[in-house]
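>>> Dropping the sequence and predicted coords here.
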Amino acid sequence: MNVLAADIIERFYLLLWPMLRISAMMLTAPVLANNAFNRRARILLALALTWLIYPLHKWPLLDPTSAQGLAEAFNQILTGALMGLMLQVVVAALVVGGQAISASMGLSMANLIDPNLGNVPVIAQFLIVIGILIFVGFGGHAILIGIVSESFNSMPIGQALLSQNAFGQVLRWSSMMFFGAVLMALPIMITLLFINMGLGVVTRAAPSLNIFAVGFPALILAGLLILLISMESVGGRIEWLWMQGFSHLRDLVGVPHG
């Protein structure tokens, strides 16, 4: 009976290390970290992924109560969390781009309460929904799980630590939340700027015209129409942002591009 208990403890120690990295990734990755995703289902999914990945690699036997084991536990949690945060930059770009478009259309005060992101404009919420649908549509969740599985080869447990260059890469990639937002919002913002200029000329020519009564509805209708027309290009930019996120994620954990 003592041998059986020792075997169970040893197997638990082996499963603990991939479980830590996978669970930390699921706490921060898009879609998987959504509060609408039931916590029990998230735990069961993490256990299932760990059980599937476990036979594919060789795992070191480390004591989690030792100093080395404690340091390795923090390293695995940090690695998994950074893998998810690399993709959360794309979600942040969608929010910033939606805020810029909403401000140009005059909808900056029309906000929705998102349980994951807080108070966000309606256009930002719309772009987030489109981004998640694109992410799931091209199999982003499967690509992410594949990268996590391959990361155990490129960054073996007990042998690899995140370097200073990795943190610098995360900081450089975080600038994409502003650059990606500009890529999505700039065509719509420029078009609405010209409409604003036209409304200014009309107001100057006819001072009796109430710009608030005419301008706001015109901007909202024009903004929605322009957004509808440009949805194909906006969707293409969102997909490009996801692909760039996966590319930088592979570079972060040293997984070769496939």
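Nice, I can see it.
>>> contacts, neighbours, all on C-alpha from now
Fine.
>>> roughly how far apart are the residue nearest in space to the middle of the chain and Leu32?
Nearest residue to the geometric centre of the chain (Cα atoms, centre = their mean): Gln88, 2.4 Å. Per Cα to Cα, to the nearest Å, Gln88 is found 11 Å from Leu32.
>>> Next: Ala222.
Distance from Ala222 to Leu32, by Cα to Cα: 35 Å.
>>> so where is the stretch 51-200 of the chain shaky, pLDDT-wise?
Low-confidence segments of the stretch 51-200 of the chain, defined by pLDDT under 70, are located at 108-119, 160-161.
>>> How many neighbouring residues does Pro55 have?
Burial of Pro55 is recorded as 9 neighbouring residues (other Cα atoms under 10 Å).
>>> you'd agree Val120 is in a strand?
Yes: note on Val120: a strand contains this position according to DSSP: H, G, I helix; E, B strand; the rest coil.
>>> List the beta-bridge partners for it.
On DSSP bridges, the residues paired with Val120 through beta bridges are Leu112.
>>> what's around it, how many residues?
Other residues close to Val120 by other Cα under 10 Å number 19.
>>> now swap in Ala46 and tell me
For Ala46, the count of nearby residues is 21 (other Cα under 10 Å).
>>> Ok, the one 3 residues further on next?
Other residues within reach of Leu49, judged by other Cα under 10 Å, total 18.
>>> Excluding residues flanking it in the chain, which one is nearest it?
Nearest residue to Leu49 in three dimensions, chain neighbours excluded: Ile22, at 7.7 Å (Cα to Cα, 6 or more residues apart in numbering).
>>> Tell me who's in contact with that neighbour.
Shown in contact with Ile22 (Cα atoms under 8 Å, 6 or more residues apart in numbering): 46, 49-50, 80, 148.
>>> Name the helix or strand for it, please.
For Ile22, the enclosing helix or strand under DSSP states H and E is helix 2-28.
>>> Okay, buried residues for the helix or strand following that helix please.
Proceeding N to C from helix 2-28, the next assigned helix or strand is helix 39-53, under DSSP H and E. For helix 39-53, burial by neighbour count (16 or more other Cα atoms under 10 Å) applies to 42, 45-47, 49-50, 53.
>>> what comes into contact with helix 39-53?
15, 18-19, 22-23, 26, 32, 149.
>>> Equivalent analysis for stretch 92-112, please.
With contacts defined as Cα under 8 Å, 6+ apart, stretch 92-112 is touched by 119-128, 131, 176-182, 184-185, 188-189, 192-193, 216, 219-220, 223.
>>> quick one, strands of the stretch 101-250 of the chain?
Secondary structure of the stretch 101-250 of the chain (DSSP state E, counting those that start in this stretch): strands located at 111-114, 118-121.
>>> returning to what we had before: which of the contacts of Ile22 sits closest to Met197?
Lowest distance from Met197 to those (Cα to Cα) belongs to Gly80, with 48.5 Å.
>>> wait, the closest one sits on Pro18?
No: contact between Gly80 and Pro18 fails when scored by Cα atoms under 8 Å: they sit 9.6 Å apart.
>>> State the distance from Leu20 to Leu193.
Taken as Cα to Cα, the span from Leu20 to Leu193 is 49 Å.
>>> Having no further points to raise, I will conclude here.
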